[in-house]
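Novice: Got a predicted structure here, sequence first:
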Amino acid sequence: FPAPWALGSLGLGIFHVTGGPIINLLMAFGGGGIRWFTQPFWARVAIIAVDVWQWTPFGFIVFLAAMQSIPEEVYESTRLDTSSNWQIFRYMTLPLVAPAMGTVAILRLVETFKIMDIPFALTAGGPGSTAQTYSFYTYLTGLRNFHYGYAASMAYILLAIVLIISILYFSRARHLYE
């Protein structure tokens with residue numbers, strides 16, 4: 001559990017109003033001081049940026065592994081038929097990497113449904129409640145407001161949504177790639 005909190009702390013440092021590298025970069029190019037965690041739009045932008053920063057390497061590693069698993073013979077035979085690298089990528093690499101791309105997409109979708117740590121660490125759900133996610137609101141409902149039954153039903157609804165999306169994706173993927 002310390003990794004999400006460490007990531008939130010890094011996000012706080014990066015988006016700090018007076019000494020963060022993002023604000024210093026904006027000031028160097030003539031930008032004004034953005035109050036990242038007090039304005040609703042910018043609080044959401046900061047949360048999305050930290051989340052993308054957290055999960056982009058995972059996606060790239062999966063894509064790299066998928067691309068490296070394609071046999072070299074496939075590329076050699078494709079080079080005989082086509083001359084353009086773009087055509088090789090479009091008609092050979094992309095279809096062979098598509099299952100990995102779909103898996104990463106569904107994992108990211110599930111993760112965005114259940115994200116709680118980054119909004120909690122960066123903004124505590126604020127300003128107001130504009131940066132609260134569904135999971136964060138469920139947490140507040142159950143553990144801060146002591147409405148355990150309501151929070152449990154919210155968690156079951158989230159579970160049902162994620163299960164339905166996952167089952168639909170994987171059943172479609174099974175039919176597509178068999």
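Specialist: Looks like it came in fine.
Novice: Helix or strand: which one has the residue of the chain positioned farthest from its centre?
Specialist: Computed with C-alpha atoms, centre = their mean, the residue of the chain farthest from its C-alpha average is residue 80, at 38.7 Å. Counting by DSSP states H and E, the element that carries residue 80 is helix 72-81.
Novice: can you tell me the average pLDDT over the next helix or strand after that helix?
Specialist: Proceeding N to C from helix 72-81, the next assigned helix or strand is helix 85-88, under DSSP H and E. Helix 85-88 carries an average pLDDT of 89.
Novice: Report all helices and strands that helix 85-88 contacts.
Specialist: helix 72-81 (3 or more C-beta pairs under 8 Å, 6 or more residues apart in numbering; DSSP states H and E). The way it works is simple: take the backbone N, C-alpha and C, and place the C-beta from them, glycine included.
Novice: With only the CA atoms kept, save the helix it packs on in PDB.
Specialist: The C-alpha trace of helix 72-81 is given here as PDB (Å, rounded to 0.1, in the frame of the first residue of the first chain):
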ATOM      1  CA  GLU A  72      10.800 -12.700 -37.200                       C
ATOM      2  CA  GLU A  73       9.600 -15.000 -40.000                       C
ATOM      3  CA  VAL A  74       6.300 -13.200 -40.100                       C
ATOM      4  CA  TYR A  75       8.100  -9.900 -40.800                       C
ATOM      5  CA  GLU A  76      10.400 -11.500 -43.400                       C
ATOM      6  CA  SER A  77       7.400 -12.900 -45.300                       C
ATOM      7  CA  THR A  78       5.600  -9.700 -45.100                       C
ATOM      8  CA  ARG A  79       8.500  -7.700 -46.400                       C
ATOM      9  CA  LEU A  80       8.400  -9.800 -49.500                       C
ATOM     10  CA  ASP A  81       4.800  -8.900 -50.100                       C
END
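Novice: I am finished for the moment; much appreciated.
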